[in-house]
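A.B. asks: A predicted structure for the sequence below; I have some questions about it.
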Amino acid sequence: MAGVLPEGPILVPERLLPPETASHLFQALAIGLKYNCVQAQLRGKSCLIMNKTWTLQICCVAAFLSLSFGASFSSAQLSARDASVKRPALSKRLVQHSVATAPSAAVEEEQQQISGEDLWALTESKLFNGQIHKISLRMNQAVWNRLHEDEKTNGCRNLGTAKWVHVRDFTFNDVGMKDVAIKVRGNSSRCIPRLQFTVAFDKSKGVYTRQGAEDWVEVNYSEPAAEAIRDRTLHGFEELNLRRSYNDSSSENDSGNGILAREFVATWAAAKTEDVAKTTVRGPPVYRTVYAVVEFQFCTDDADNICNNRFERVYLVAEPLDKGFFKMRYDDKKPTVFSMAHGCALKVERGSGGLTYPCLEPEYLNGKKLNEEGAAAQLKALGYINGTDGLKARIDAAGTASDLSKVLDLDSFMNYAAFATTVGHWDSAYGNFNNDVLYFHAPSSKWKLIVWDVDNTFDYASSRGGPARSYSYTEVANAPRILFDKLFSISALDAQFRKRLGNYLTMLYGPNASDSPLTNKIMDVRDRYIAKTNEQLPSGEQQNAQRAKAMLDYAKQRLRVLRNQPRSTESADP
């Protein structure tokens, strides 16, 4: 039946069909399948891998374009490496023929990217669905060893020189891919035994590998293979993060204060602010996280396909703050975004240093990705912050609540502050001028805050994020804050924020704390995620479920402190 997806893959042997026949069949499949592919994924059917232009069952596309799949992997697996294997060249004539003869309406539809709404639904269904996912990465042992060596050589600091390295095979549940890339991520966590990674599914250049004692060698893909990689996503994502914490309780020589549950619960708590005041088109202004058990398989060299050296550990799969994030939340395809870093972002006690790089790092300018080499582009982007009509000048000129509301999305900032002060997100824009993301929403000409990097939360043992802190976190920052000091200096907005905080506490803890959603969430994570992953892991990789008690203790004490802080006598705005 036209428009109905098959339950399983369609396998067509290589070169079985002449190009013209394959082209016509490809058109029929495209027209009949693509409109239902996203909906089919939401129903748990095929379409395991998404094309960046539109969603289609990759196995069908590859078969009819005469791309070959590895015999040892599922038909959903996209194989790209051809360093030692000759592949049939992709027929340019066939591609041109397919496009040229397709109906114009279909061609136009094919060229459209998936909408923010459909992308949100897809990623919620396939990735951030509450399940414990299973991930596998297979790579050369020499690659893994050199990752650790390079970080130690760099003094465990992020010097911006970390390489993207080659992963031979990658699986996510039942989806398999060949030739993905990973890179060490983080700042203070770059030398912990359990490294954090960014996994890229679409990177075809600047990927390195090695065997034995040899130095890094860049992987060279043929153009057809590179093109296949560049057009590849995992359920709509070009990249995903595998996160651990410097303070994770199962790491060697750690402080013993942290567990992955802190970050998982904190991202949930940040998302709950949208139940108090809506600030996005859909979804919360925070990255999503989900548990995964990750197996690493190490091979002695390129010829080793057994790869018997293996181990497993648990990670949080974390959503990146890329263009797709802003497309899903705000239907914004051209975001302007700044990340906060080095504990000095928007810190003005020593002149204007906190308004420039590296304290503020431009990530996107009108939808274009920036990097450290683009000095001119960076200066242009920083004009949004310190220019004559930039954020700093506009905030300085705002003398009333009405004035400030034209510069900042006040609901966004109040939701963020309510979350940060409640969960103890001290390593932040609210506390020590670090982490989190500033987003300029061009349609409204207002700034918003996006929550990022919340592993240092519920930190009962930390003096900086302890439960006794004031609601404003002024003593944590211990320096002028452009954003929040201005907000709290206007009495009407201070009163409005206290009311917002009270509403958030009621939502998070319940009306009388007898049936607290926050307490239930922490206990659910302990009993469901920590216990279940521990069953699959060796003792050295297991999370300490008793650490959840410290989170519960913090949550109870923080509620008591916030409820008992002085209330403003001035009535808050509705």
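C.D. replies: Nice, thanks for sending it over.
A.B. asks: What pairs with the strand or helix carrying residue 291, parallel or antiparallel?
C.D. replies: Taking DSSP states H and E as the criterion, residue 291 maps to strand 289-299. Sheet pairing of strand 289-299 (DSSP bridges) gives strand 133-140 (parallel), strand 309-318 (antiparallel).
A.B. asks: I would like the residues contacting the first one, please.
C.D. replies: So that's strand 133-140. For strand 133-140, contacts defined as Cβ atoms under 8 Å, 6 or more residues apart in numbering pick out 127, 165-173, 180, 182, 199, 209-211, 242, 290-302, 307, 315, 317. Yep, even glycine has a C-beta here, placed from its N, CA and C like the rest.
A.B. asks: packing partners for the helix or strand following that strand?
C.D. replies: Per DSSP H and E, the first helix or strand lying C-terminal to strand 133-140 is helix 141-153. Applying 3 or more Cβ pairs under 8 Å, 6 or more residues apart in numbering; DSSP states H and E, we find helix 141-153 packed against strand 164-172, strand 289-299.
A.B. asks: hey, which of the ones you listed is tucked in deepest?
C.D. replies: When you average the neighbours per residue for each of the helices and strands packed on helix 141-153 (mean count of other Cβ atoms under 10 Å), strand 164-172 leads with a mean of 22.
A.B. asks: Please pull out the lowest mean pLDDT helix or strand from this protein.
C.D. replies: helix 92-101 (a mean of 25; mean pLDDT, DSSP states H and E).
A.B. asks: Quick check: residue 161 touching residue 154?
C.D. replies: Yes. With contact defined as Cβ atoms under 8 Å, residue 161 counts as touching residue 154 (6.7 Å).
A.B. asks: More neighbours: which of the two?
C.D. replies: Taking other Cβ atoms under 10 Å, residue 161 and residue 154 do not tie; residue 154 has more neighbours (16 against 9).
A.B. asks: ok, the more buried one to residue 147 distance?
C.D. replies: 11 Å (Cβ to Cβ, to the nearest Å).
A.B. asks: can you check residue 459 too?
C.D. replies: Remark: distance between residue 459 and residue 147 (Cβ to Cβ) = 29 Å.
A.B. asks: Compare these two (neighbour count), which wins?
C.D. replies: residue 459 (25 against 19).
A.B. asks: So for that one, what's the nearest residue that isn't a sequence neighbour?
C.D. replies: Spatial nearest neighbour of residue 459, excluding adjacent residues (Cβ to Cβ, 6 or more residues apart in numbering): residue 465 at 4.2 Å.
A.B. asks: Quick check, that neighbour in contact with residue 424.
C.D. replies: Yes. Under the criterion of Cβ under 8 Å, residue 465 makes contact with residue 424 at 3.6 Å.
A.B. asks: joint contacts of the two?
C.D. replies: Common contact partners of residue 465 and residue 424 (Cβ under 8 Å, 6+ apart): 456-457, 459.
A.B. asks: any chance of the residues you listed in TSV, with distance to residue 365, pLDDT and secondary structure too?
C.D. replies: Formatted as TSV, those follow (distance: Cβ to Cβ, whole Å; pLDDT from 0 to 100; DSSP: H, G, I helix; E, B strand; the rest coil):
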residue	distance to residue 365	pLDDT	secondary structure
456	29	89	coil
457	30	93	coil
459	35	81	coil
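A.B. asks: Which one of those is nearest to residue 357?
C.D. replies: residue 456 (23.7 Å; Cβ to Cβ).
A.B. asks: gap between that closest one and residue 153?
C.D. replies: Per Cβ to Cβ, residue 456 is found 27 Å from residue 153.
A.B. asks: Neighbour count: the two, which is higher?
C.D. replies: Counted by other Cβ under 10 Å, residue 456 and residue 153 do not tie: residue 456 has more neighbours, with 27 against 11.
A.B. asks: who's in contact with residue 488?
C.D. replies: Applying Cβ under 8 Å, 6+ apart, the residues near residue 488 are 472, 474, 494, 497.
A.B. asks: helix, strand or coil for it?
C.D. replies: Classification of residue 488 using DSSP: H, G, I helix; E, B strand; the rest coil returns helix.
A.B. asks: So for it, what's the pLDDT?
C.D. replies: On pLDDT, residue 488 comes in at 93.
A.B. asks: Does residue 503 touch residue 273 like I think?
C.D. replies: No. The criterion here is Cβ under 8 Å, and residue 503 misses it with residue 273 at 9.8 Å.
A.B. asks: More neighbours: which of these two?
C.D. replies: residue 273 (28 against 16).
A.B. asks: Need the nearest residue in space to the more buried one, chain neighbours excluded.
C.D. replies: residue 415 (3.8 Å).
A.B. asks: my read: that neighbour touches residue 279, true?
C.D. replies: Yes. Between residue 415 and residue 279 there is a contact under Cβ under 8 Å: 6.1 Å.
A.B. asks: So if I had to pick from those two, which one is more boxed in?
C.D. replies: Higher neighbour count among residue 415 and residue 279: residue 415, with 30 against 22, using other Cβ under 10 Å.
A.B. asks: Quick check: the gap between the more buried one and residue 398.
C.D. replies: Distance, residue 415 to residue 398, using Cβ to Cβ: 19 Å.
A.B. asks: now swap in residue 559 and tell me
C.D. replies: Residue 559 is 32 Å from residue 398, by Cβ to Cβ.
A.B. asks: Quickly find the element holding residue 264.
C.D. replies: helix 260-271.
A.B. asks: Show me what that helix is packed against.
C.D. replies: Packed against helix 260-271 by the contact rule (3+ Cβ pairs under 8 Å, 6+ apart) you find strand 289-299, strand 309-318, helix 410-423, helix 517-524, helix 547-564.
A.B. asks: To residue 385, which of the ones you listed lies closest?
C.D. replies: Among the helices and strands packed on helix 260-271, helix 410-423 sits nearest to residue 385 (Cβ to Cβ), with 16.0 Å.
A.B. asks: residues of the helix or strand that comes right after that closest one that come out buried?
C.D. replies: As assigned by DSSP H and E, the chain's next helix or strand after helix 410-423 is strand 437-441. For strand 437-441, the neighbour count (16 or more other Cβ atoms under 10 Å) marks 437-441 as buried.
A.B. asks: Identify, from those, the entry nearest to residue 409.
C.D. replies: residue 441 (6.8 Å).
A.B. asks: any idea how far residue 140 is from residue 297?
C.D. replies: 10 Å.
A.B. asks: ditto for residue 354
C.D. replies: 45 Å.
A.B. asks: on that earlier part again, could you count how many residues lie near the residue nearest to residue 459?
C.D. replies: 26.
A.B. asks: coming back round to it: got the contact list for the residue nearest to residue 273?
C.D. replies: Counting by Cβ under 8 Å, 6+ apart, residue 415 touches 273-274, 276-277, 279, 285, 500, 504.
A.B. asks: In helices, which of those residues appear?
C.D. replies: In helices, defined here by DSSP state H, the members of the contacts of residue 415 are 500, 504.
A.B. asks: Got a quick ChimeraX command for the buried subset of the contacts of residue 415?
C.D. replies: A single ChimeraX command selects the buried members of those (16+ other Cβ under 10 Å):
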select :273,274,276,279,285,500,504
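A.B. asks: Cool, thanks, signing off.
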